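Undergrad: The amino acid sequence is not available; the structure is as follows:
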């Protein structure tokens, strides 16, 4: 055979081409194409060996994408789209579990013990929703395109395809459409998955949610709808025993699509749930084991929805003395909101991600001073531990704060206030080393905390990192290890 046959892509069309095997220039022109063979030839798929070696799937994760998917999924864009990110995460998780299992097998062989069984596989399923908003049949999208100026088209594409997602999700009609689409597709994939894996549920299989960017807000709203329906069923089951008005659960407060009248104060309360035109009855068919919110702007959304006074109202209703700081085990424990959602919720972010916001400050009393809010802990998987440079920086900060506290105490002992102010300005001494209160957030589920920060690199500039921080979550080893840890935790 003197020729090779390839399927080449030119523009938006595919073509079959033939070239001489020894024609080097022709082979260069066909770079990126796929060679055809007669019959079955040898092939290798990245991650296939590890996937086959692992045990059956016992955990299913649904991943919801964020803004800008209409751009990343275009053929002329070199940035990986959401499906490619999910494929990389799936392959990397399989390789990590396979490598760990092989190391355990080698150790058991050396010690003359029985070989361990392979770990069960974790399956990742991407859930797409952007096609519902950016469809060519969308009247709003077509109207927006007709009103868009023809100048600077590259920048206007970002505005129309990225900012548009956030603005449209703020409207009740499109928010409801997106939530309905995501819920329907999760239900569809869940049913199909069970038809292929018959014993998934009977053998103790579990499911979880992962939302990235705006997808994390969608995941939160899906959990809110699930919680609301669960509470509604509980309320209906108990109305025959007591008056339903006395059994109104705290999670109902502020859920509705619009602000409710506050019966006690006559004012308006906020909402922690989505803004919808009507109450949704469709829910996901499972209770998530955990929900990861990655690079989430949820803190900003909840702030705009007015969730802080709602959470504080729940805290006051749950315990009239909840403003009192308790001492447990010798440590001061601060009261926090009893608000919770199904499963464990983790708000995970990169420290330089410009889109990410915290959630824990919203669960604390409104009068909490900014300096009393504890910093987010680092996300540290059990098998990896905290990195040396992160630990060293943490120790250095503690030493500096302790030394600063000694200087501050010395300055305060100076009787002359003018001299004290002069020294403070010259030395620029910060406040004393702060001992934060212990917090136990109900929203954390299995964890006592909600906000978690990814460990940074050895050398990292926060402004340069901000460029890629928001799109790097599915490539972070600590996060992938933590997914494995949470999925396999009983």
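TA: Looks like it came in fine. Every value quoted in this text rests on a predicted model; they were computed, and no experiment measured them. Numbers count the residues shown, from 1 in each chain.
Undergrad: which strands and helices sit next to the lengthiest strand in the chain?
TA: Looking across the chain with DSSP state E, the single longest strand is strand 55-64. Counting contacts by 3 or more CB pairs under 8 Å, 6 or more residues apart in numbering; DSSP states H and E, strand 55-64 packs against helix 82-110, strand 120-127, helix 172-196, strand 206-212, helix 214-238, helix 477-488. No exception for glycine: its C-beta is placed from N, CA and C like everyone else's.
Undergrad: if we compare the ones you listed, which one ends up closest to residue 51?
TA: Between residue 51 and these, the tightest spacing by CB to CB is seen for helix 82-110, at 5.2 Å.
Undergrad: pLDDT of that closest one, averaged?
TA: Helix 82-110 carries an average pLDDT of 94.
Undergrad: give the contact list for the closest residue to residue 47 other than its chain neighbours.
TA: Closest residue in space to residue 47, ignoring its immediate chain neighbours: residue 91 at 3.7 Å, by CB to CB, 6 or more residues apart in numbering. Counting by CB atoms under 8 Å, 6 or more residues apart in numbering, residue 91 makes contact with 46, 47, 50.
Undergrad: partners of residue 347 in the sheet?
TA: Judged by DSSP bridges, the bridge partners of residue 347 are residue 293, residue 451.
Undergrad: ok, residue 4 to residue 13 distance?
TA: Distance, residue 4 to residue 13, using CB to CB, to the nearest Å: 20 Å.
Undergrad: For these two, indicate the residue with more neighbours.
TA: Remark: of residue 4 and residue 13, residue 4 carries more neighbours, 17 against 7, as counted by other CB atoms under 10 Å.
Undergrad: For residue 289, see how far away the residue nearest to residue 47 is.
TA: 22 Å.
Undergrad: what are the phi and psi values for the nearest residue to residue 171 once chain neighbours are set aside?
TA: The shortest distance from residue 171 to any non-neighbouring residue, by CB to CB, 6+ apart, is to residue 275 (7.8 Å). For residue 275, the backbone dihedrals (degrees, to the nearest 10) come out as phi -90, psi 110.
Undergrad: Would you confirm that residue 275 contacts residue 174?
TA: No - when contacts are counted by CB atoms under 8 Å, residue 275 is not listed as touching residue 174 (10.1 Å).
Undergrad: still on that earlier bit, could you give me the ChimeraX selection string for whichever of the contacts of residue 91 are buried?
TA: Buried residues among these (16 or more other CB atoms under 10 Å), as a ChimeraX selection:
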select :47,50
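Undergrad: about what we covered before: include distance to residue 34 when you put the helices and strands packed on strand 55-64 into a markdown table, please.
TA: Listed next are the helices and strands packed on strand 55-64 as a markdown table, based on distance: least, CB to CB, whole Å:
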| stretch | distance to residue 34 |
| --- | --- |
| helix 82-110 | 17 |
| strand 120-127 | 23 |
| helix 172-196 | 28 |
| strand 206-212 | 30 |
| helix 214-238 | 32 |
| helix 477-488 | 29 |
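Undergrad: quick one: which of those has the weakest pLDDT on average?
TA: Least confident of the helices and strands packed on strand 55-64, judged by mean pLDDT, is helix 214-238 with a mean of 83.
Undergrad: quick revisit: quick one: distance of the longest strand of the chain to the chain centre.
TA: Mean C-alpha position of strand 55-64 versus that of the full chain (CA atoms, centre = their mean, to the nearest Å) differs by 16 Å.
Undergrad: I'd like the distance between residue 296 and residue 185.
TA: Look at residue 296 and residue 185: by CB to CB, they are 21 Å apart.
Undergrad: got it, and residue 477?
TA: In this view, residue 477 and residue 185 are 29 Å apart by CB to CB.
Undergrad: Neighbour count for these two, which is higher?
TA: Counted by other CB under 10 Å, residue 477 and residue 185 do not tie: residue 185 has more neighbours, with 18 against 13.
Undergrad: residues in contact with the residue nearest the centre of the chain?
TA: In the chain, the centroid-proximal residue (CA atoms, centre = their mean) is residue 293; its distance is 1.9 Å. By CB under 8 Å, 6+ apart, the residues touching residue 293 are 211, 216, 219, 220, 345, 346, 347, 348, 359.
Undergrad: want to throw those into a markdown table with distance to residue 200?
TA: Formatted as a markdown table, these follow (distance: CB to CB, whole Å):
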| residue | distance to residue 200 |
| --- | --- |
| 211 | 22 |
| 216 | 26 |
| 219 | 21 |
| 220 | 26 |
| 345 | 24 |
| 346 | 24 |
| 347 | 28 |
| 348 | 26 |
| 359 | 31 |
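Undergrad: Residue 120: which of those residues is nearest?
TA: In terms of CB to CB, no member of the contacts of residue 293 lies closer to residue 120 than residue 346, at 21.3 Å.
Undergrad: got a list of what that closest one touches?
TA: Residues near residue 346 by CB under 8 Å, 6+ apart: 290, 291, 292, 293, 444, 447, 450, 452.
Undergrad: and with 10 Å instead?
TA: Applying CB atoms under 10 Å, 6 or more residues apart in numbering, we find residue 346 in contact with 210, 290-294, 296, 359, 379, 443-447, 449-452, 479, 482, 486.
Undergrad: how much space between it and residue 470?
TA: For residue 346, the distance to residue 470 equals 17 Å [CB to CB].
Undergrad: ok, now residue 155?
TA: Distance, residue 155 to residue 470, by CB to CB: 18 Å.
Undergrad: Please apply the same query to residue 366.
TA: 29 Å.
Undergrad: ditto for residue 123
TA: Distance of residue 123 to residue 470, given as CB to CB: 25 Å.
Undergrad: Touching, residue 48 and residue 94? I think so.
TA: Yes - with contact defined as CB atoms under 10 Å, residue 48 counts as touching residue 94 (9.2 Å).
Undergrad: So if I had to pick from the two, which one is more boxed in?
TA: Taking other CB under 10 Å, residue 48 and residue 94 do not tie; residue 94 has more neighbours (25 against 12).
Undergrad: Just the pLDDT for residue 364.
TA: Residue 364 is assigned 88 on the pLDDT scale.
Undergrad: same question, the one 10 residues further on
TA: Taken from the predicted model, the pLDDT recorded for residue 374 is 85.
Undergrad: Who are the contact partners of the spatially closest residue to residue 290 that is not a sequence neighbour?
TA: Closest residue to residue 290 apart from its sequence neighbours, by CB to CB, 6+ apart: residue 344 at 4.4 Å. Applying CB under 10 Å, 6+ apart, one finds that residue 344 lies in contact with 208, 288-292, 443-447, 450, 486, 489.
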